[in-house]
Each structure stands twice: as C-alpha cells, then as structure tokens.
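Peer 1: Need coordinates for the following:
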Amino acid sequence: MIQIDGSFHEGGGQILRTALGLSALTKQPFEITNIRKNRPKPGLRYQHLSCVKAVAELCNGSYEGAEVSSTAVKFYPRNIKSRTLSVDIGTAGSITLLLQSLIVPVIFGDKKFRIKITGGPDSPFSPPSDYFAYVLIPHLKKFCDVIDYKVIKRGFIHKGGGKTELFVKLKFPVSNYSSFEEFTTELQKNTATKINLANQGKLLQIKGSSIASNDLQKAEVAERQAKAAKMALTKLNVPINISTNYSDSLSTGSVITLWAVFSDSDEVSQINPIILGSNSLGERGKRAEDVGKETALQLLNEINSKAPVDKHLADQLLPFLALTTGQAKVSEITPHCLTNIYTIEKFLGKCFEVDKENKIIKSA
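Peer 2: Predicted structure coming up:
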C-alpha cells in the first residue's frame, strides 16, 4: 500500500485530492496520515470527506477512517465505470476543488461521465467555476471527444447551494487497454496529447466574467468590478471583453474572473492553448472597484512573468503532464506545485524534472 505524508510541504487538502484521483486511475490503494496537519483545523473537513466519498463511488472503491477531523484515511480503489454521479457537498465547500479529485479518473476512466455537484461554484481559496471552464478545460480538450462544464446555479460563501454539471466523453479510456502501462505508452507516443507550454507568445485579447448575486444589482457591483478591471488593463492595447451578469443565489456574493489569451502563431492553439487567469471574490466592506482592480493587477503580474502557465494552473496540469510528455514554463513554482509533484510521484514513480531557476517543469 502506498504511504503518503499529508503534512508534506504545504500540507493541505491537495495531497488527498490528487492521491484519490490517481489511486482510482491506477488502481493502487493508499494510506494517508497527518492530513492537513499544518492547518488551523487539522484533519478532514466536510469538503474533503465529499472528495473521498465521490471518488469511491466513481471507482466502486472503499475506505477506512473517512470522517470529519480524521487525520488518517485508507483508500481501496476498484474499477471505474461510466456513470452519472451526483454529489452534494452539503456546505459551501468548493465544487472546483472536489473536481480536482475527480477530473483525472473522469478524463481517462471509462467511455463517458456526467458529474452533477451541489456546493460552492465560487468559493474562497479555490479556482472559481469560470477559471475552471475557461482556463483549465481548454487544456483538457485534447484528451476528450467531448468535455463540457456549465454552472446551473451560482452559490457563494456561507450558504453555497450552487449547482454545476460536467459531461465528458473520453478519447483515451484506460478501460480500453490491457494494462496501465499500455495506456500510458499510447498517451506518450501520441503527439496530439503532448503538453508543450514553453513560450508565452503574443497577447491577443483579455476576456472575463463579472458576476454578482441579484441583491447586488441595484449597487451595480458586477459592472463596477468589470469597469475597474478594464481600466487597469487598457494599457495592454488589446481587445478587452468582460461580461457582467447577476444570478439568483442563496447568499450575497460576487466574483470576477479574467483570462488573457495568447498565441505564438496567427491562431490560438487548440492542442496547447496559452491562457493565463486571475480571479477575486467580493467581500463585505470591500469596494467592487477594489475587487476588479486587484484581479487585473494579478493578471498583469502573470502576463509580465512571460510564462505561458499561471501559478494556479501549474499544479492542476501536473497529473496530465506526468501521464503524457512535454514541459511547462510556469510563472511561479509554488508550494502547491511541489506538493503535487511529491504526491504524483508516489503513484507514477519519478516522472518530473524541475528547473527551479528557469521555472520549467518537464516530464521525465
């Protein structure tokens, strides 16, 4: 059984999420101890427990020790089968973080999946749903015949209640191969799956979405966030299109997500898109203009890094880089990155070369 130290490096929930996904895909059981040891409230929270249960259902697996505040879990995967999976986190816990535990086995598992989740589409300390849809998913399209993610209902901090749906029809289901090694060999020799993100290229445009709950419409929060962001980005001299919308939700809140689209040729690559993202949530007592401006400044920092992968996308791409071939130059090698490398190599063996000076991560 694979042994994982949940306190390694930044010691957060990402270790558990990555381990669950790779365990389901590779059919290797694992035991994780010291879960979230470095956090103010160590052990599993409700959102982490939802990850364990969801992945277990996906792969017909079982587990021991999965309860709130538990600092150790054993997980035993079995076979992944096509299905519709419905998950209710039960809190405003992040939907996109739950998807981090599911995305790898769903992308490579068995034929097709529909994942329906209730929780927080736009929650603190996690990628908002529009970042997931417009920054991450474009990189995953090359692995799928179809991948579609939609937000059915928005939900913000405190009450959640948001609903999303992910549909995936697979191109490389592991169930089609006689062994996991045959599966990875096929991925690695297929040039269409190679991750090659070495240069930022030319900035073509800025896109974004500014969304607020309906009770903030009179105060024009969505428009003010978008306007402030656009003003901070005008010096880039490229088209800027930030949509504004209001949504029915159980609690008051707002979110703005921006993404910068690049190309190293005349057209945006469909195989290795270059998209940098940034995002912020509104807070009580924080002006909408400040929320928009801070998001724009985050994006400017990513653009000025000259890297084709932003610091938040980097650790989310790592499992796919490990399973295929290629390289990614990132704006920052974060503790999340290093923690994810540690976890991935527990399941796949030594598979990364990290050039910290030049901020390049290669599949070994």
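
Peer 1: Would you check how far apart the residue located most distally from the centre of the chain and Thr343 are?
Peer 2: Distance from the C-alpha centroid of the chain, by Cα atoms, centre = their mean, peaks at Lys218 (32.5 Å). To Thr343, Lys218 is 46 Å away according to Cβ to Cβ, to the nearest Å. Any C-beta I mention is one placed from the backbone N, CA and C, and that applies to glycine too.

Peer 1: same thing with Gln270?
Peer 2: Taken as Cβ to Cβ, the span from Gln270 to Thr343 is 29 Å.

Peer 1: The two: who's more crowded?
Peer 2: More crowded of Gln270 and Thr343, by other Cβ atoms under 10 Å: Thr343, with 28 against 10.

Peer 1: so what's that one scoring on pLDDT?
Peer 2: With respect to pLDDT, Thr343 has a value of 96.

Peer 1: Just the element for the closest residue in space to it that isn't next to it in sequence, please.
Peer 2: Excluding the flanking residues, the one nearest Thr343 by Cβ to Cβ, 6 or more residues apart in numbering is Thr18, at 4.4 Å. Using DSSP states H and E, the element containing Thr18 is helix 14-26.

Peer 1: which helices and strands sit right next to that helix?
Peer 2: Packed against helix 14-26, as judged by 3 or more Cβ pairs under 8 Å, 6 or more residues apart in numbering; DSSP states H and E, are the following elements: strand 2-5, strand 30-33, helix 46-58, strand 73-76, helix 95-108, helix 311-323, helix 335-348.

Peer 1: and it with helix 46-58, angle?
Peer 2: Between helix 14-26 and helix 46-58, the angle comes out at 0 degrees (axes from the mean of the first three to the mean of the last three Cα atoms, to 10 degrees).

Peer 1: Mind exporting the C-alpha coordinates of helix 14-26 to CSV?
Peer 2: Taking C-alpha atoms only, helix 14-26 is exported to CSV below (Å, rounded to 0.1, in the frame of the first residue of the first chain):
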residue,chain,number,x,y,z
GLN,A,14,-4.5,19.0,-2.4
ILE,A,15,-2.4,16.0,-1.3
LEU,A,16,-5.6,14.0,-0.6
ARG,A,17,-7.4,15.2,-3.7
THR,A,18,-4.5,14.2,-6.0
ALA,A,19,-4.0,10.9,-4.3
LEU,A,20,-7.6,10.0,-4.7
GLY,A,21,-7.7,10.7,-8.4
LEU,A,22,-4.5,8.8,-9.2
SER,A,23,-5.5,5.9,-6.9
ALA,A,24,-8.7,5.5,-8.8
LEU,A,25,-7.0,5.6,-12.2
THR,A,26,-4.0,3.4,-11.3
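
Peer 1: Now do that helix, average pLDDT.
Peer 2: Averaging the model's pLDDT scores along helix 14-26 yields 96.

Peer 1: Also compute the angle for that helix relative to helix 311-323, please.
Peer 2: Going by the same axes, to 10 degrees, helix 14-26 is angled at 30 degrees with respect to helix 311-323.

Peer 1: Would you map out the domains in this structure?
Peer 2: 2-197+309-363, 202-304 (automatic domain parsing).

Peer 1: what about the shortest one, how long is it end to end?
Peer 2: Start to finish, the residues bounding domain 202-304 are 12 Å apart (Cα to Cα, to the nearest Å).

Peer 1: How about the secondary structure of Glu332?
Peer 2: Secondary structure assignment for Glu332 (DSSP: H, G, I helix; E, B strand; the rest coil): coil.

Peer 1: wait, what's in contact with Pro127?
Peer 2: 96-97, 135-136, 279, 312, 316 (Cβ atoms under 8 Å, 6 or more residues apart in numbering).

Peer 1: go on, His158?
Peer 2: The contact partners of His158, by Cβ under 8 Å, 6+ apart, come to 92, 251.

Peer 1: Identify the residues contacting Lys53.
Peer 2: So Lys53 contacts 66, 87 (Cβ under 8 Å, 6+ apart).

Peer 1: Distance of Leu58 relative to Thr84?
Peer 2: Note on Leu58: its distance to Thr84, by Cβ to Cβ, is 11 Å.

Peer 1: Pull up the overlap in contacts between those two.
Peer 2: With Cβ under 8 Å, 6+ apart, Leu58 and Thr84 have common neighbours Phe113.

Peer 1: The two: who's more crowded?
Peer 2: Shown here are Leu58 and Thr84; by other Cβ under 10 Å, Leu58 has more neighbours (25 against 11).

Peer 1: That one is in contact with Ala24, isn't it?
Peer 2: Yes - Leu58 sits in contact with Ala24 when judged by Cβ atoms under 8 Å, with a separation of 6.1 Å.

Peer 1: Which residues are in contact with each of these two?
Peer 2: Counting by Cβ under 8 Å, 6+ apart, the common neighbours of Leu58 and Ala24 are 80, 105, 109.

Peer 1: confidence score at the last one?
Peer 2: Looking back up the chat, that one is Gly109. 92.

Peer 1: May I have the residues that are in contact with it?
Peer 2: Counted by Cβ under 8 Å, 6+ apart, Gly109 has contacts 24-25, 58-59, 80-82, 170, 173-175.

Peer 1: all strands of the stretch 201-350 of the chain, in order?
Peer 2: Listed in chain order, the strands found in the stretch 201-350 of the chain under DSSP state E, counting those that start in this stretch are 202-213, 240-247, 254-263, 274-281, 326-329.
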